[in-house]
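What follows is a predicted structure for the sequence shown.
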Amino acid sequence: MKSNDTTNKGIFYRRFGVVTVFAVFFLILVGGIVRTTGSGMGCPDWPLCFDQYIPPTDVSQLPADYKTRYAIQGKEIADFSAFKTWVEYINRLVGVLIGLFVFFTLVFSFSYFKKDPIVTYFSFLAFVLVGVEGWLGSKVVATDLNPFMITLHMLLALVIVGILIYAVARSKKQELSYKDPENIKLVNKWILIILSMSVVQIVMGTQVREHIDEVALSMGDNQRDLWIDQLGFTFYFHRSFSIIVGILNIIFIKNVFKGTEAKHPARFWSIVLFGLLTTVVLSGAIMGHFGIPAFLQPIHLLLGSLIVGVQFYIALLVNHSRVLGNVKKVEETHSKNELA
C-alpha cells in the first residue's frame, strides 16, 4: 500500500512539474506581451503599483504630482495609461502564480527524496531562482528597463525552465529502458553547438527588441512598415544568424535519427524541434516583411524559448544512461542502507 502511495505521489509530481514548466513558458509569453505593448513601466514601483495593491484605473486616482513622485532615476514617468498599468500588473500576478506553482512542485518533489534526492534538490534550486527572478524583475523597473537587466531576466527564466525540465525528466527515467544513441559523442557535440547558438540568438533577439522600442518611440506606431530600415546591423545579423542556426539544427536532428532506435523518444522531440524551427523562421519572415505585427513579437520570443527547452530535453533523452540513468543506483544504495 505504501509503495503504491509513493508511486502515485511520484506520478502527481511529474504531471504537476510538466504543468509548471509550461506555466513558466507562459510567463515568458506574458513578459513578451508587456514589452510589445510598451507596458514595462506601467507600474513605476515594485512590488506595489503606484503604492497600491490594486492599481488605479484612472489618472484621477493618482496625486497631481505622480510623474515626479514616482520618477525613475530622476526622470519623470510617462503619462498614466490604465491599459499599460494593468498589463504590467497582470504580468506580476502571473509571476506570483508561477512562483506558487514552483513552490508546490518543490513540495511534491519530496516524494522522491529517499529514492532520488537530486529531484528534490533541483526542484528546490528552481524555487530559489524564482525568488531571484522576482528580485531581478524589481531591478528591471528600478533601472527604467535597462537592456542588460532585461536580458539577464530573460536568461534566468530559461535557466529555471532547464532546471525544472531536468528534475521532471529525472523523476521519470527509472521507468524507461531505451538506449543512448550509438554516436553519442557526435550527438553531444551538436547539442552543445546548437544550444549555445540558440542562446546567443535569443540574446541578440532581446537587443533587436530594444532597438525596436527605440524606433517605435521616435517614429510612432503608425509607421511600422518603416521600422525595419531603422534597426541596423543587429537585426540583419540576427536574421542571417537564424539561417545558420536552422541548418545546424537540421544536421543535429539528422544525427539523432541516425544514432537512435525507432522507439527512442528523442526522435519524436526532434520532430517537434523541427516544427518549432520552421514556425519561428516563418514568424520572423512575416515580421520582417509585414511591418513587425505586434501580436507576433511575443509569439516569436516564446517560440525561441521553446526551442531551447526542447533542445535541452533532447540532450537529456540522448544521454539517458549517462545523465539520468543512475537513479536505479541511488535506489539500490538506499535499499542497502535500509537493510543494514
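Cool, the structure landed. Computed from a prediction, not measured in an experiment: that's the story for all the values here.

any weak-confidence spans in the stretch 51-200 of the chain?
When the per-residue scores of the stretch 51-200 of the chain are filtered using pLDDT under 70, the ranges that remain are 174-177.

Mind doing that once more with 90?
71-76, 78, 112, 114-116, 137-138, 140-151, 170-188 (pLDDT under 90).

what do you get for the stretch 201-340 of the chain?
203-242, 258-264, 284-297, 317-340.

Settle this for me: residue 67 is touching residue 76, isn't it.
Yes: using CB atoms under 8 Å, residue 67 and residue 76 qualify as a contacting pair, with a distance of 4.2 Å. Yep, even glycine has a C-beta here, placed from its N, CA and C like the rest.

So which elements touch the helix or strand that contains residue 205?
If you go by DSSP states H and E, residue 205 is part of helix 184-219. Using 3 or more CB pairs under 8 Å, 6 or more residues apart in numbering; DSSP states H and E as the contact test, the elements touching helix 184-219 are helix 147-173, helix 233-259, helix 296-318.

mind giving me a markdown table with these and columns for distance to residue 139?
Converted to a markdown table, the helices and strands packed on helix 184-219 look like this (distance: least, CB to CB, whole Å):
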| stretch | distance to residue 139 |
| --- | --- |
| helix 147-173 | 5 |
| helix 233-259 | 23 |
| helix 296-318 | 20 |
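
how about the ones you listed in a markdown table, adding mean neighbour count?
Output for those, formatted as a markdown table (neighbours: other CB atoms under 10 Å):
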| stretch | mean neighbour count |
| --- | --- |
| helix 147-173 | 21 |
| helix 233-259 | 16 |
| helix 296-318 | 22 |
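
Can you classify residue 41 as helix, strand or coil?
Three-state assignment for residue 41 (DSSP: H, G, I helix; E, B strand; the rest coil): coil.

so who does it touch?
Under the criterion of CB atoms under 8 Å, 6 or more residues apart in numbering, the contact partners of residue 41 comprise 72, 77-78, 84, 88, 141, 144-145.

Could you pull up phi and psi at it?
As for residue 41, its main-chain torsions (degrees, to the nearest 10) stand at phi -110, psi 20.

Show the pLDDT at it.
What the model reports as pLDDT for residue 41 is 89.

now, which of the contacts of residue 41 lie within strands?
In strands, defined here by DSSP state E, there are no members of those.

Out of these, who's the most crowded?
Each of those was scored by neighbour count (other CB atoms under 10 Å); the top score is that of residue 88, with 23 neighbours.

which ones are touching that residue?
Each residue near residue 88 by CB under 8 Å, 6+ apart is listed here: 34, 39-43, 49.

which ones are touching the closest residue to residue 312 other than its chain neighbours?
Once its chain neighbours are removed from consideration, residue 312 has its nearest residue in residue 162; the separation is 5.1 Å (CB to CB, 6 or more residues apart in numbering). Contacts here follow CB under 8 Å, 6+ apart; on that basis residue 162 touches 308-309, 312.

Spatially nearest residue to residue 224 (excluding sequence neighbours)?
residue 291 (3.8 Å).

Just give me the neighbour total for the one you found.
Residue 291 is surrounded by 14 other residues when neighbours are defined as other CB under 10 Å.

wait, it sits on residue 225?
Yes: contact criterion CB under 8 Å: residue 291 and residue 225 qualify, at 4.0 Å.

got the angle between the host helix or strand of residue 126 and helix 147-173?
In the assignment (DSSP H and E), residue 126 maps to helix 117-142. With axes from the mean of the first three to the mean of the last three CA atoms, to 10 degrees as the basis, helix 117-142 and helix 147-173 are set at 160 degrees to each other.

chain center to helix 117-142: distance?
13 Å (CA atoms, centre = their mean, to the nearest Å).

hey, C-alpha coordinates of stretch 314-324 in CSV?
What follows is stretch 314-324, C-alpha atoms only, in CSV (Å, rounded to 0.1, in the frame of the first residue of the first chain):
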residue,chain,number,x,y,z
ILE,A,314,16.6,16.1,-26.2
ALA,A,315,20.0,16.4,-24.6
LEU,A,316,18.7,14.6,-21.6
LEU,A,317,17.0,12.0,-23.6
VAL,A,318,20.0,11.1,-25.7
ASN,A,319,22.1,11.0,-22.5
HIS,A,320,19.7,8.8,-20.7
SER,A,321,22.2,6.4,-19.2
ARG,A,322,24.9,9.0,-18.5
VAL,A,323,22.9,11.8,-17.1
LEU,A,324,19.7,10.2,-15.8
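
oh, and call the first residue 21 from now on, that's how I've got it
Okay, residue one is now 21; in that scheme the one you just asked about reads as stretch 334-344.

Please work out which residues outside it touch it.
When contacts are taken as CB under 8 Å, 6+ apart, the neighbours of stretch 334-344 outside the stretch itself are 185-186, 189-190, 193, 196, 198-201, 204, 207-208, 211, 215, 276, 279-280, 284-286, 289-290, 293.

next one: stretch 65-80
Contacts of stretch 65-80 from elsewhere in the structure, counted by CB under 8 Å, 6+ apart, are 62-64, 82, 86, 90, 99-100, 102, 105-106, 108-109, 112, 157-158, 161-162.

Thank you kindly, that will do.
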